[in-house]
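Engineer: structure of the sequence below:
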Amino acid sequence: MNEPEDFMRIGEYQLRNLISNRTQFVYLDLRSPERIAAQAPGHFFFTGSIPARSEQVLEIMRDKGYGTSTPVVLICENGSKTVAVAKTLTQNSFLNVFVVEGGADSLPLD
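Structural biologist: Numbers count the residues shown, from 1 in each chain. Coordinates of the predicted model:
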């Protein structure tokens, strides 16, 4: 039996709603700098993202003064890295953690 997740998986629609509703959130991009740079022109991308390696996420959140109630959206190439990072955040009392299901590869070209 699977344990319940303490974070929420979201798709393109929910991500677009967060952005269009001007919801304040931290958007951490766990892709390598090379993958971010190689992103296809016109690919759906939120320009307010903070590039981060998985092991840096807690440090970034604390150093920038984000509290545990700050909404955090995590994205990587295909969604594989974000689950582990989301678990780390929730285990450290972060309450509003969102994972983009399927990662950047699942988002359409705009």
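Engineer: where's residue 77, which helix or strand?
Structural biologist: Using DSSP states H and E, residue 77 falls within no helix or strand.
Engineer: any idea how far residue 23 is from the spatially closest residue to it that is not a sequence neighbour?
Structural biologist: Distances taken as Cβ to Cβ, 6 or more residues apart in numbering put residue 103 closest to residue 77, at 5.0 Å, once the chain neighbours are dropped. Backbone N, C-alpha and C define where each C-beta goes, glycine included. Going from residue 103 to residue 23 by Cβ to Cβ, to the nearest Å gives 20 Å.
Engineer: correct me if wrong: the residue nearest to residue 77 contacts residue 79.
Structural biologist: Yes - Residue 103 is within contact range of residue 79, at 4.2 Å (criterion: Cβ atoms under 8 Å).
Engineer: quickly list what residue 26 is bridged to.
Structural biologist: Legend: beta-bridge partners of residue 26 under DSSP bridges are residue 72.
Engineer: spit out the contact partners of the residue nearest to residue 77.
Structural biologist: 31, 75, 76, 77, 78, 79, 80, 82 (Cβ atoms under 8 Å, 6 or more residues apart in numbering).
Engineer: quick one: neighbours of residue 18, just the number.
Structural biologist: When neighbours are counted by other Cβ atoms under 10 Å, residue 18 registers 17.
Engineer: ok so it is a helix residue?
Structural biologist: Yes - counting by DSSP: H, G, I helix; E, B strand; the rest coil, residue 18 is part of a helix.
Engineer: chain neighbours aside, what residue packs nearest to it?
Structural biologist: Counting by Cβ to Cβ, 6+ apart, residue 18 lies nearest to residue 25, which is 6.1 Å off, once chain neighbours are set aside.
Engineer: could you report the pLDDT at the one you found?
Structural biologist: Residue 25 carries a pLDDT value of 89.
Engineer: what do you get for residue 37?
Structural biologist: 72.
Engineer: how near is the residue nearest to residue 77 to residue 67?
Structural biologist: 26 Å.
Engineer: and what of residue 17?
Structural biologist: 23 Å.
Engineer: for this protein, which element, helix or strand, carries the lowest mean pLDDT?
Structural biologist: strand 50-51 (a mean of 69; mean pLDDT, DSSP states H and E).
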